[in-house]
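Enquirer: please find the sequence and the predicted model below.
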Amino acid sequence: MSEAKDILVIANLNMDLILEQKDLHQTGRKKYADSFCLSPGGNGNNEASAAARLGVPVALAGMMGTDSFGRQLQESLAGEKTDCSLVQVTEKASTGLSLILSSAGQENTYWDIVGANACLDEAYIRSLEPQIAAAKLLVVGFGIPFDSAVLAMELARSHGTEVMLVAYQSRPLSDELLSLIDILVLDSREAATLAGIEITNLKSARIATGLLLKHGVRQAVLVHMKSRFLLAATNGGTRTLEAPRDYQLIDASAMDDTLAGVFAGCHVMGMDPERAAEIAYAAANLCGSRFGAHFSIPSEEELAELMA
């Protein structure tokens with residue numbers, strides 16, 4: 001049995017295939033990319049690695065296939081400080097795959113094959129109940145079956161474990177489900193979906209965060225607007241963080257995961273939400289300033305500099 005960790009991440013594990021394309025206006029059936037990167041990834045892997053590089057004890061739960069991508073993921077996980085003893089290998093499906101089209105300064109396009117991530121059924125989640133109960137914070141996302149993610153949050157709430165939902169790929173959530181969440185991390189499109197309003201600027205984004213807190217989120221809502229901003233809202237108010245004016249976005253593939261993982265790590269270290277948001281946003285911007293998804297997540301040394 002895995003030893004108790006401060007953070008338990010239950011989320012998808014993928015191999016990322018990233019094409020960097022500078023010219024998005026090519027015509028014809030055949031289009032050309034400028035570079036290619038094969039990177040271990042998935043939200044769970046990235047979030048757990050980002051938190052663990054802060055020195056926080058982190059356990060990761062998820063599934064991968066028996067194929068070559070699964071073996072590469074296993075090798076990558078072995079090189080991190082994350083406890084991966086809860087990760088399972090299944091013969092029922094291939095390893096999850098994400099094809100990412102990246103272009104500097106633009107939103108990425110993602111084509112995902114869910115694969116083994118669909119095997120995180122409710123029986124698997126229930127097998128994790130001792131680890132959920134022992135953790136300070138559960139980090140979960142919707143890259144796994146929706147009912148399994150909800151069950152994990154319900155188990156966490158029943159044991160007094162805090163819940164962070166990283167709500168990319170989101171759907172409308174009831175107030176009852178929102179009340180299970182302590183920290184909600186999402187981008188402006190997901191915030192619009194969950195709040196039920198259109199977000200076109202910072203003012204409407206602030207209104208959305210207020211609505212999400214009003215309708216159940218317990219502690220904090222982080223809305224990442226990759227155009228330039230991060231909104232960090234708590235019941236005590238909203239802080240707007242802005243990227244440096246000369247900031248150049250190169251690859252957003254792992255930015256959101258870095259933001260979530262670093263904020264989670266700072267949170268369990270006892271940092272106040274405002275300071276945690278500052279460090280997490282700086283880490284996310286550093287990640288996005290270079291190409292390579294998981295390989296672009298800040299190192300332990302870089303995170304230590306941001307914490308200083």
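Expert: Alright, I've got the coordinates. Numbering: from 1, shown residues only.
Enquirer: from Ala149, how far out is Leu173?
Expert: Plainly put, Leu173 is 11 Å away from Ala149 if you go by CB to CB, to the nearest Å. (Each C-beta comes from the backbone N, C-alpha and C, glycine too.)
Enquirer: equivalent analysis for Leu137, please.
Expert: Taking CB to CB as the measure, Leu137 falls 15 Å from Ala149.
Enquirer: ditto for Thr258
Expert: 21 Å.
Enquirer: looking at these two, which is more packed in?
Expert: Just comparing Thr258 and Ala149: by other CB atoms under 10 Å the higher neighbour count belongs to Thr258, 30 against 22.
Enquirer: tell me the contacts of the closest residue to the more buried one other than its chain neighbours?
Expert: Excluding its sequence neighbours, the residue lying closest to Thr258 (CB to CB, 6 or more residues apart in numbering) is Cys287, at 4.3 Å. By CB atoms under 8 Å, 6 or more residues apart in numbering, the contact set of Cys287 is Ala254, Met255, Thr258, Ser296, Ile297, Pro298.
Enquirer: got JSON lines for the residues you listed, with pLDDT too?
Expert: Converted to JSON lines, those look like this (pLDDT from 0 to 100):
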{"residue": "Ala254", "pLDDT": "92"}
{"residue": "Met255", "pLDDT": "93"}
{"residue": "Thr258", "pLDDT": "97"}
{"residue": "Ser296", "pLDDT": "95"}
{"residue": "Ile297", "pLDDT": "97"}
{"residue": "Pro298", "pLDDT": "97"}
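Enquirer: can you give me the strands in the stretch 201-308 of the chain?
Expert: For the stretch 201-308 of the chain, strands defined by DSSP state E, counting those that start in this stretch occupy the ranges 220-225, 229-234, 237-242.
Enquirer: select, from the contacts of Cys287, the two members most distant in space.
Expert: Greatest spatial distance among these (CB to CB): Met255 and Pro298, at 11.1 Å.
Enquirer: next one: phi and psi at Ala48?
Expert: phi -60, psi -40 (degrees, to the nearest 10).
Enquirer: for Ala191, see how far away it is.
Expert: Ala48 is 24 Å from Ala191, by CB to CB.
Enquirer: between these two, which has more neighbouring residues?
Expert: Remark: of Ala48 and Ala191, Ala48 carries more neighbours, 36 against 27, as counted by other CB under 10 Å.
Enquirer: pretty sure that one sits against Ala260.
Expert: No. Using CB atoms under 8 Å, Ala48 makes no contact with Ala260, being 10.2 Å away.
Enquirer: which parts of the stretch 151-300 of the chain are helices?
Expert: Here the stretch 151-300 of the chain has its helices, by DSSP state H, counting those that start in this stretch, at 175-178, 188-195, 202-214, 255-268, 273-288, 300-307.
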